[in-house]
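Enquirer: my questions concern the predicted model and sequence given below.
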Amino acid sequence: MVSSYFKELFDRANQGRLAYFFVIAHIFAGTYLVYTQPRSNLAFLVLITSFLSLYFFRTSSRFKLVAGVVLALVIVPIVGVRNIFYLEVIFQIAVFAALALGLNIVVGFAGLLDLGYVAFYAVGAYLWAFFGSQQFYVLHFAPGTQPSDLPFLLPGDTFYMFILVGIIVAGVTGIILGLPVLRLRGDYLAIVTLGFGEVIRVLANNLDKPLNFTNGPQGITPIQRPTMPDMVVDWFNGIFGGVVGHDVSPANLYNLMFYLYALIMIIVIIFVTRRLNDSKIGRAWTAVREDETAAIAQGIPLVRMKLTAFAVGASFAGAMGVLLAASRTFISPESFSFMQSIGVLSMVILGGAGSIPGVILGAATVTILNLQVLQGFSLYLNELRQSDAVIPIINFAWKDLSTQLDPAKYQRLLFGLILILMMIFRPAGLIPASRRKRELDRDETK
Amino acid sequence: MALLEIANITKTFGGLKAISDVTFSLDKGRIVSIIGPNGAGKTTFFNTLTGIYKPDSGTIKFNGKSLVGLRPDQIAACGIARTFQNIRLFPDMSVIENILVGMHIHLKQSALQTLLHLPGFKKEEKEAEQKAARLMEYVGLKRVENELAKNLPYGAQRRLEIARALAADPQLLLLDEPAAGMNPQETEDVTQLFRNIRTDLGITILLIEHDMRVVMNISEDICVMDYGEKIAQGPPSEIRNNTRVIEAYLGRGAVAGQHEEKLQ
């Protein structure tokens, strides 16, 4: 078997100092490639996969921590501000990873199939979009008719407070939705959540009358961001200006800031998820997923545990929604379509439901496929079309290739294929969930 | 005083009377069996008792408190634990986690304690783990704490289910065909285990069982059901010779034949 050969090869490399060597080599190679070829997708892939090396190679946890911090807080920001597209990709990975981690609690831990998860994301986003823009003063204007000199309702720095508000409001929304719904099992729940997701999107689309809350399909803009002191800009350019090679504009620094905020949120989410999972609550969630009847016979209140899972998952999405609204400064119902829910769900399933590293990897894989690999193929095909190249043997000129054939447009087809293949060959996901091992100290004298 | 008092409960599914006017009481510290042919309503009786089904009429009192209308988790919290006819473990959880889930109602950790890992949380988890280890040993599971429940052999799964039920510190333990599918040696072992549970832990046991060696060996009292009705109750020696019981199991003809044999 080819796979067992590779596994053996990997095991041999994954020992002692050799493991450290490979990790450091990977990080260096990635950094060097991206630094010298800031426009190459391939170079970026080499760099981003070094997170994987860091995860899989057996090195001390202190080394992992230091290397992870250097990668995430030094290398990625520097190559990111040199090519802002990379930063955008990483930011999206981070946002989707956070969403996938939230959905993982609902689907992976508690086993409740939620097909309308982005609804909570929308709740968070519209919350800040409303309070962090001029929308409050637009209430009585139809979309597009408002005067241009309206004030903002709240200062941009209330964004930080609204992350908390977003957590609470989305959590409460989760409970309100969950109360009537969570008595349902499996398929019924999926259908109802699907409906709920659509309801929120349709509301966002239509709540521009009688009072204009959401500005309809046009969406809300501009949404404020928290202020960035000039000091931070100067400070960043002072330290990193030399390595970056040019002065970084405040606009680009904002992207960096939101990347860091997304990173912080992921760390908080991972922390919360792990702690909950290793407690009475997490065990109850898994028990409910495994066998409802047996779980309830152990005294686990089904509805309350499901509600908790729903609320926790929803609150993560709410926080990310607030972050999204601020980072984009623009929000429209389009960002919260059914396909988004399905996208996040496929990240969870692809990566491994119930597995924290798994769903992060799932989010990264799907996002990179979306933004980089498929786009890259499309660009490459277009280049070929414009050249005079000919496919040898069958003598087919590339420029005769139909313009319909655009890999970026076949995204969904590719996802479908990947998911089908995954379900057949690796149903537990890329990094399957594993149960925590416990060391019992037994009384050995007996 | 009776631990469990059931008076005139009836449960129908559509036109079928699964349990019909059953009255039953169980004293503390006893081991009592429920027997009867397939379809006699034994498991429905358990399910009604544990709140999975709500009785159409009648009363169920546990320690003097009415259980009718309570949710299964509330009933479990009152001190009734059970095992299932077809083993219902949490297959993808480890052995020790299965037992820890059984302790759910006794763990007091709050969300804040959990998130911040305050001392109270760690202490409680540690104690729970130790208790789980003791329970594993008690039911005869050795060093399998980190195995997934689904990977255990059949007999060990049965034992794990019992350990999980015991983890809740119940006053009453309901066992639904605990010896099903076991060989004679295993059957012997679990029978001894049930005796120990009663004497060491003072837990009252009510069990459904088809294996008459177990039933006759262990029970102090036997309740016989047929077509949803309780047709007899008494000590094993009495039940063994009860005509209605023999009829229910072997058919009227067999009983008649037996009589003829006796006459000849």
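Expert: Nice, I can see it.
Enquirer: buried residues, stretch A:69-89. List them.
Expert: A:71-72, A:75-84, A:86-87, A:89 (16 or more other CB atoms under 10 Å in any protein chain shown). C-betas here are computed from N, CA, C, even on glycine.
Enquirer: wait, stretch B:224-237
Expert: Buried, per 16+ other CB under 10 Å, within stretch B:224-237: B:224-233, B:236.
Enquirer: out of the buried residues of stretch A:69-89, name the ones that lie in helices.
Expert: A:76-82, A:84, A:86-87, A:89 (DSSP state H).
Enquirer: show me which pair in the buried residues of stretch A:69-89 is furthest apart.
Expert: A:Leu71 and A:Ile84 (18.5 Å; CB to CB).
Enquirer: which stretches in chain B count as helices?
Expert: B:42-49, B:72-78, B:95-102, B:111-116, B:119-139, B:154-166, B:184-201, B:212-218, B:236-240, B:243-250, B:252-263.
Enquirer: got a markdown table for those helices, with mean pLDDT and distance to A:Asn382 too?
Expert: Formatted as a markdown table, those follow (pLDDT from 0 to 100; distance: least, CB to CB, whole Å):
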| stretch | mean pLDDT | distance to A:Asn382 |
| --- | --- | --- |
| helix B:42-49 | 94 | 65 |
| helix B:72-78 | 95 | 60 |
| helix B:95-102 | 96 | 54 |
| helix B:111-116 | 90 | 51 |
| helix B:119-139 | 94 | 58 |
| helix B:154-166 | 95 | 60 |
| helix B:184-201 | 93 | 70 |
| helix B:212-218 | 90 | 77 |
| helix B:236-240 | 91 | 86 |
| helix B:243-250 | 85 | 81 |
| helix B:252-263 | 58 | 87 |
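Enquirer: got a markdown table for these, with distance to chain A too?
Expert: As requested, the helices of chain B are exported to a markdown table (distance: least, CB to the nearest CB, whole Å):
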| stretch | distance to chain A |
| --- | --- |
| helix B:42-49 | 9 |
| helix B:72-78 | 4 |
| helix B:95-102 | 5 |
| helix B:111-116 | 4 |
| helix B:119-139 | 5 |
| helix B:154-166 | 7 |
| helix B:184-201 | 17 |
| helix B:212-218 | 22 |
| helix B:236-240 | 29 |
| helix B:243-250 | 29 |
| helix B:252-263 | 37 |
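Enquirer: please identify the most buried of those helices.
Expert: Across the helices of chain B, averaging neighbours per residue (mean count of other CB atoms under 10 Å in any protein chain shown) puts helix B:95-102 on top, at a mean of 28.
Enquirer: can you list contacts of it?
Expert: For helix B:95-102, contacts defined as CB atoms under 8 Å, 6 or more residues apart in numbering or on different chains pick out A:280, A:283-284, A:286-287, A:295, A:298, A:300, A:435, A:438, A:440, B:81, B:89-90, B:93, B:128-129, B:132-133, B:135-136, B:141, B:144-149, B:152, B:160, B:163-168.
Enquirer: just want the angle from it to helix B:154-166.
Expert: With axes from the mean of the first three to the mean of the last three CA atoms, to 10 degrees applied, the angle from helix B:95-102 to helix B:154-166 works out at 30 degrees.
Enquirer: nearest to chain B, of the buried residues of stretch A:69-89?
Expert: A:Ala72 (23.4 Å; CB to the nearest CB).
Enquirer: so which strand or helix has the residue nearest to that closest one when sequence neighbours are not counted?
Expert: If the residues on either side of it in the chain are set aside, A:Ala72 comes closest to A:Leu263, at 6.2 Å by CB to CB, 6 or more residues apart in numbering or on different chains. According to DSSP states H and E, A:Leu263 maps onto helix A:250-277.
Enquirer: C-terminal to that helix, what's the next element?
Expert: Helix A:250-277 is succeeded, C-terminally, by helix A:280-290 (DSSP H and E).
Enquirer: report the secondary structure state of the closest residue to chain B within the stretch 101-250 of chain A.
Expert: Nearest residue of the stretch 101-250 of chain A to chain B, counting by CB to the nearest CB: A:Gly111, 10.3 Å away. On the three-state scheme (DSSP: H, G, I helix; E, B strand; the rest coil), A:Gly111 is labelled coil.
Enquirer: got a list of what it touches?
Expert: A:285, A:288-290.
Enquirer: count of neighbours near the residue nearest to B:Asp176 when sequence neighbours are not counted?
Expert: In space, and not counting its chain neighbours, B:Asp176 is closest to B:Gln85: 4.4 Å by CB to CB, 6+ apart. By other CB atoms under 10 Å in any protein chain shown, the residues close to B:Gln85 number 14.
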